[in-house]
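Engineer: When you get a sec, could you give me coordinates for this:
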Amino acid sequence: MPALPSEIRVRRSADPIYMAHGYLTKVPVRAIIPFLEAFTQPGDVVVDPFAGSGMTGVAAFMTGRRAVLSDISRLGQHIGLNYVNLVDPKRLRRTAERVLHEAQLRVPALYAVPCAHCGRASRLVKAVWSYEYACAECGANVAYYKALEAGNWQQTRCPQCKAKFERRGQVHVGEAMVLEWVDCDTSRKQREQAPSGVVPPRFPELERWPDVAIDPDREMFRRSALGKHGLKTTASFFSIRNLTALVSLRDSILKVDDLALRSKLLFALTAVLPRASKRYQWSRKRPLNAQNQTYYIAPIFYEWNVFDLFERKVEAAIASDVMVGNDRPLFSSTGSVTYHPASADNLAHLDSNSVDYVFTDPPFGSNIFYSDMNLFQEAWLGELTDRSNEAVIPTNDSNGEASARYERILADALRECHRVLKPGGWLSMVFSNSRGDIWGIAQRAIKDSGLELVPERLSSLDKGQRSVKGLASGWEGVVTTDLVFTARKPEGNHRARPVKSAEESVDESVARVVGLKEDPKIATPSHVYIGVVRRYIERHWDLEPLHLEDILAALEKRGLEVDAGTGRLRRKGAQRRN
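Structural biologist: Below is the predicted model:
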């Protein structure tokens, strides 16, 4: 049986491939390669029917395998194919410089502001904007940033009447710039200054940016309260200045004759969109970036210079290309990637018994709504995902219809994987959720597909992430560690082993996983939960009743708490770990 570590840990922030372009729930390439090396040989065919941004394809390309990817996501296809679209770094830099120069010439003085220190013309690097709210006491419009400043960053007070200021439940009445950072020739460092008050010029001929409606029936419209804040289209998330810069850049990119270079530059353009928008959150300590899973706009946000962002993303794309190219010289003639815009439950482009291995990372139920979030970038690509067959469960699924549809898509996708795999071929599936009923769906889908689950070959995947809720409260509200199921297509008839009820309580399972000694040996609540899920799978116990909230309750009962700084478990009252 192929050897694999029981736990795989990767650092996303140290991975140039991972950092080159954002996409929801990417599995880092370094986490996929061990599976490819365990279950395949160079030249083998690897399939991913939920391919997303194509990380399976990149891993296959780097190790000399042939990847056949498919997904309904148009953005995923754009990203996945460009990851393996290796272009000469010198040509890309030279072309990017020309594109930037042309785009900037088209919009003179778009980011020009006077330096408050010397009075000379300087270049705006970034600005900080704040929502304004009406003070309940004096009625003045108050920038939330100024209210924090008036409260010495410990509380919020109205700068006008000094009354305690509350924004909870209020709708903002406007936006105000509160800070600028400028690049001036008289200083080697960026200068921070009060807003100059300069209104950027308008260029009517460039005011033709894509503006796609975010429909009220979309999950992210409801979750992000877009109607309340008047954010009903993709363009409403950008300043006019940044929309103008983006259109100018796109115009210049589309004039590039070389298809590979043009595609790579569009890859860089779509990569900057979240940061170029109002979704880039401000913090006194450091920028917090954009939340990829929601359309949330913080009450204090950044407006970054689009041209600077684009220049940096071109360099990020080059770093990714270098890493991909340097790791595959021995297999340059065998590694290849094709990407089909197809639903995972219909792999008609693949023959039966033709595939050596499947590695896939399907949507985890109701956690992420890819088509909603991808709309933000697909608007600029001019191709939108058909969400009619998306494997997700909306929160308003009162009659269970969406849950049944999700289970059908996942089960049919795994049946298709069974069909296309060669007898004896392997499948590895990444999965995670905080709800037992969603785990139960995955458990049933594997069981009903005809694939033989191999409990001895379960691996946990730690990508080194923590949830926003976990960072705020200490306890993780979602599971941030994944489990990788491994199953095999039997060479003969296979009868799935029946699933039975658990033979121990949740408290007993937690005790087994954490350890019976005083000090916990498991790092985080997510690790504990995945450890208990793993224990259930190994014993063929029903996962459906197993919820994260029960694990958290069992941990608290055992006198364990989470160090809010590190996210690791410790005994209550124990000294904080470094």
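Engineer: hey, let's count contacts and neighbours off CA atoms from now on
Structural biologist: Fine.
Engineer: Setting aside sequence neighbours, what's the nearest residue to residue 80?
Structural biologist: Spatial nearest neighbour of residue 80, chain neighbours left out: residue 54 (4.1 Å); criterion: CA to CA, 6 or more residues apart in numbering.
Engineer: Burial check on that neighbour, number of neighbours?
Structural biologist: 31 (other CA atoms under 10 Å).
Engineer: pretty sure it contacts residue 79?
Structural biologist: Yes. If you go by CA atoms under 8 Å, residue 54 and residue 79 touch, sitting 7.1 Å apart.
Engineer: Against residue 115, how distant is residue 252?
Structural biologist: 29 Å (CA to CA, to the nearest Å).
Engineer: Tell me which of the two has more neighbours.
Structural biologist: When residue 252 and residue 115 are compared for neighbours, residue 115 comes out ahead with 24 against 21, by other CA under 10 Å.
Engineer: What average pLDDT does the strand or helix carrying residue 100 get?
Structural biologist: Applying DSSP states H and E as the criterion places residue 100 in helix 89-106. Mean pLDDT, computed over helix 89-106, is 98.
Engineer: starting at the chain centroid, how far to whichever helix or strand comes after it?
Structural biologist: Next in sequence after helix 89-106, counting helices and strands by DSSP H and E, comes strand 112-114. Distance of strand 112-114 from its chain centroid, counting by CA atoms, centre = their mean, to the nearest Å, is 35 Å.
Engineer: go on, stretch 194-207?
Structural biologist: Stretch 194-207 has its C-alpha centroid displaced from the chain centroid by 32 Å (CA atoms, centre = their mean).
Engineer: What is the burial count for residue 385?
Structural biologist: 20.
Engineer: Check the secondary structure at residue 128 for me.
Structural biologist: The three-state assignment at residue 128 reads strand, by DSSP: H, G, I helix; E, B strand; the rest coil.
Engineer: How much space separates it from residue 390?
Structural biologist: Counting by CA to CA, the gap from residue 128 to residue 390 is 37 Å.
Engineer: now do residue 167
Structural biologist: Relative to residue 390, and taking CA to CA, residue 167 is found at 36 Å.
Engineer: Then residue 85?
Structural biologist: As judged by CA to CA, residue 85 and residue 390 stand 27 Å apart.
Engineer: Moving C-terminal from the lowest-mean-pLDDT helix or strand in the chain, which element do we reach first?
Structural biologist: Here the helix or strand of the chain ranked lowest by mean pLDDT, DSSP states H and E is helix 468-473, holding a mean of 39. Following helix 468-473 in sequence order, the next helix or strand is strand 481-488 (DSSP H and E).
Engineer: so what's residue 292 up against?
Structural biologist: 22-24, 274, 373 (CA atoms under 8 Å, 6 or more residues apart in numbering).
Engineer: Ignore what I typed, I meant residue 509.
Structural biologist: Here residue 509 is in contact with 532, 535 (criterion: CA under 8 Å, 6+ apart).
Engineer: Helix or strand for it, just tell me which one.
Structural biologist: With DSSP H and E as criterion, residue 509 is part of helix 506-514.
Engineer: Work out the gap between that helix and the centre of the chain.
Structural biologist: Centre to centre, stretch against its chain (CA atoms, centre = their mean), the figure for helix 506-514 is 31 Å.
Engineer: Please identify the buried residues of that helix?
Structural biologist: 506-507, 509-511, 513-514 (16 or more other CA atoms under 10 Å).
Engineer: Show me the shaky parts of this structure.
Structural biologist: Within the chain, the segments meeting pLDDT under 70 span 1-2, 287, 327-334, 366-367, 398, 464-477, 516-522, 574-578.
Engineer: Pop the domain breakdown of it in here.
Structural biologist: 7-87+320-494, 107-317 (automatic domain parsing).
Engineer: Please identify the deepest-packed of those domains.
Structural biologist: domain 7-87+320-494 (a mean of 20; mean count of other CA atoms under 10 Å).
Engineer: Next, the contact list for the residue nearest to residue 80, please.
Structural biologist: By CA under 8 Å, 6+ apart, the neighbours of residue 54 are 69, 76-77, 79-81, 83.
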